[in-house]
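Asker: Below are the sequence and a predicted model; questions follow.
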Amino acid sequence: METATAISNAETDLDSQQQQQRLEQMQSETRQYSQTYEKEDKEPKHRGCFARVLEGLDCIRVGDDGAEEDEINPFSKRRLVFVAGMAVLAVLVNLIVVPLVLANLNDSTDYDNVISYSPTITMIPRETSSTTSTSLSESLSPISIGPVPTISVTPSPTTNEPTISPTKTGPAFQIPTLTRTQEPTRLPIDLEMGLPLYTTDVINDTPNSPQAKAYNWLLKDPNFDTYSSSRKRQRMALATLFYATNQDFFTASLQDPQIDPDIVSTLFQGNDDESGGVVYWTNADGWLSYNVHECFWFSRAQLACDINQQYRYLALQKNNLVGQLPLEIGFLTNLEQLQLSDNLQIYGTLPTTVNLLTNLRALQMSNLPQLAGSLPSEIGNLHASLQTIDLRDTPFFIKRIATEIGRLVNCRQLLLGKRFSTATGTTTHTAAMPSELGMMKSLGAFTISGEEVLGILPTELATLSQLQWLSVTHTKVTGPIPHQLGSLSQLATLDLANNRLSSTLPMELGRLQKSLTSLSVNDNALTGTIPVQYSDLTNCKTMLFQNNQLEGSVPVEVCFLLSSGYIDTVGVDCKDSATSNSSGVGCNCSCECF
């Protein structure tokens, strides 16, 4: 029994050992398989040499059977090619680019200012060196550095140039520096004045401009710092106007193509002002004087300023102003009247900054034959204040104000046109009267003349119930006289002479018996007869019908008014009844014949 038991236990132990060995063999195989898998995962067959080189490993190739084979590092090939290419590029740069740069530098060097030397280099013992070298060597005495050579640069015996001191530092010549044109001196701009860019730019860019002269004059005012910003702008505007229009017209006409050479007048000689310049204004008393308040500078208005010393009335008519009106006139925002009429040598155009004069009530610039261009559309912004526009005998054109002129609902007088001239020539600017005139409900007087005016008489004029004076003369206006004008119950003067009007005389004008005092339709192409209804115009002192294509005779009723003294003048052609071929209007009373 004991033997059997021992044998059984021995077999059990053997089985256990075999199982243990089998388990260890399986674990060993498992670890070997895991290591192989991890190795293949970390180092795949196609992993590049670059990673292996970074890890300090040899670059090898793994065959399809897993065997490792030696291989030349392909990264090394690329690196060699790259290094070789860079070397070739560096050689090309040194051979081509650098010489070109040096050549350009040498070409730009002023060799006339470069001192040429042939230096001789001599080794000098430290004991004979300069003071600077000695002190430096003494400060370094704890360190034994042996003899310190210094370089002494002396000129060649064949030259007469001075010896360069051994202590001189820096190169033997200075590299020339580029010089640029000096910008003009800029005046300091007072930001509190609030000057617009169009003024500051001119001040800085054009030192001789009227704006720069005026600003320079203002800065020199001993009381400048005591002025408010509004007063500084006020004085700036007036000074700019003075400098801009105080010119010799003859000289200005030679420099400015806008001036008609046919209107160049005799040179005006004036007095010297305080700055030493010549004054061409007829009267410039007080202007640009630091000791006189600008409100008391010469003006044809009795009072130029209000009680707050704000400029209200700029009246310089017939004062020989010569030049262009500056934009800075818009600084006078409290201005109520701008009167510059009869200055024959003001040229250019009306400044667009006139729209800033929001308190302006009267714009009077008649008889300025050199002022051209169009009435600026910005004038429509003055609809709340502007009551009078007087541009008679000034060659303004109304071509561009059709939509803006109607905004002047408070305007009472609109007087446009240029001086009539019989001179022949081609007109380059033409325009018709805009229908928007009918929107100016406060208009009491409207005049326009000039051969530039074309088209017809707008029927919208009949909507101006306040109209008292209507004058359209010396134009190329055609068509009929609107019969709607008979509804203008306050119309006193109707002057339509010297146009190209046609058709018949409207009988509706006879309704104006209470208001009409003057009727002129002469020198047109009107046809028909004189309406008998005109005998109702008992207040009309003058009737002119001559130089038309009218027929018949003056109505007996009109002759009765003439003989009774109600009418002063009736002008007709006075057809001779004895001549059958005669044309025109006959008169059997005391008419005035033309």
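Answerer: Noted; the coordinates are in hand.

Asker: Can you spell out which residues form a bridge with Leu544?
Answerer: Ser520, Gly571 (DSSP bridges).

Asker: From what I see, it and Ile567 are in contact.
Answerer: No - the pair Leu544 / Ile567 is not scored as a contact, 11.3 Å apart, by Cβ atoms under 8 Å. From N, CA and C alone the C-beta is placed, and that goes for glycine too.

Asker: Do a quick rundown of the strands in the stretch 201-350 of the chain.
Answerer: With DSSP state E, counting those that start in this stretch as the criterion, the stretch 201-350 of the chain has strands at 313-315, 322-324, 337-339, 345-347.

Asker: Any chance of a markdown table for those strands, columns mean pLDDT?
Answerer: Formatted as a markdown table, those follow (pLDDT from 0 to 100):
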| stretch | mean pLDDT |
| --- | --- |
| strand 313-315 | 97 |
| strand 322-324 | 93 |
| strand 337-339 | 97 |
| strand 345-347 | 91 |
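
Asker: Burial-wise, tell me which of those strands comes out on top.
Answerer: Each of the strands of the stretch 201-350 of the chain was scored by mean neighbour count; the highest is strand 345-347, a mean of 24, by mean count of other Cβ atoms under 10 Å.

Asker: coming back round to it: of the strands of the stretch 201-350 of the chain, which approaches Met26 most closely?
Answerer: With Cβ to Cβ, the closest approach to Met26 among the strands of the stretch 201-350 of the chain belongs to strand 322-324: 111.1 Å.

Asker: in the protein, which segments are predicted with low confidence?
Answerer: 1-15, 29-30, 32-79, 98, 101-187, 248-279, 396-403, 418-430, 576-583 (pLDDT under 70).

Asker: cutoff 50 now
Answerer: 40-47, 53-54, 68, 70-72, 108-184, 249-250, 252-254, 256-276, 419-428, 578-581 (pLDDT under 50).

Asker: residue boundaries of the helices in it?
Answerer: Listed in chain order, the helices of the chain (DSSP state H) span 2-42, 49-54, 74-92, 98-107, 131-139, 197-205, 210-219, 229-245, 249-255, 556-564.

Asker: Would you mind listing the buried residues in stretch 379-389?
Answerer: The neighbour-count check on stretch 379-389 (16 or more other Cβ atoms under 10 Å) flags 379-383, 385-389 as buried.

Asker: cool, and stretch 466-483?
Answerer: Within stretch 466-483, the residues that qualify as buried are 467-475, 477-478, 481-483, counting by 16+ other Cβ under 10 Å.

Asker: okay, now Gly373: neighbour count?
Answerer: 15 (other Cβ atoms under 10 Å).

Asker: The closest residue in space to it that isn't next to it in sequence: neighbour count?
Answerer: Closest residue in space to Gly373, ignoring its immediate chain neighbours: Thr349 at 3.7 Å, by Cβ to Cβ, 6 or more residues apart in numbering. Thr349 has 15 neighbouring residues, counting by other Cβ under 10 Å.

Asker: wait, Val354 sits on Leu363?
Answerer: Yes - counting by Cβ under 8 Å, Val354 does reach Leu363; the two are 7.3 Å apart.

Asker: Just give me the neighbour total for Cys411.
Answerer: Counted by other Cβ under 10 Å, the residues lying close to Cys411 total 26.

Asker: State the distance from it to Gly455.
Answerer: Cys411 sits 21 Å away from Gly455, going by Cβ to Cβ, to the nearest Å.

Asker: Next: Glu557.
Answerer: For Glu557 relative to Gly455 (Cβ to Cβ), the value is 35 Å.

Asker: Show me which of those two is the more surrounded one.
Answerer: The neighbour comparison of Glu557 against Gly455 (other Cβ under 10 Å) goes to Gly455, with 16 against 13.
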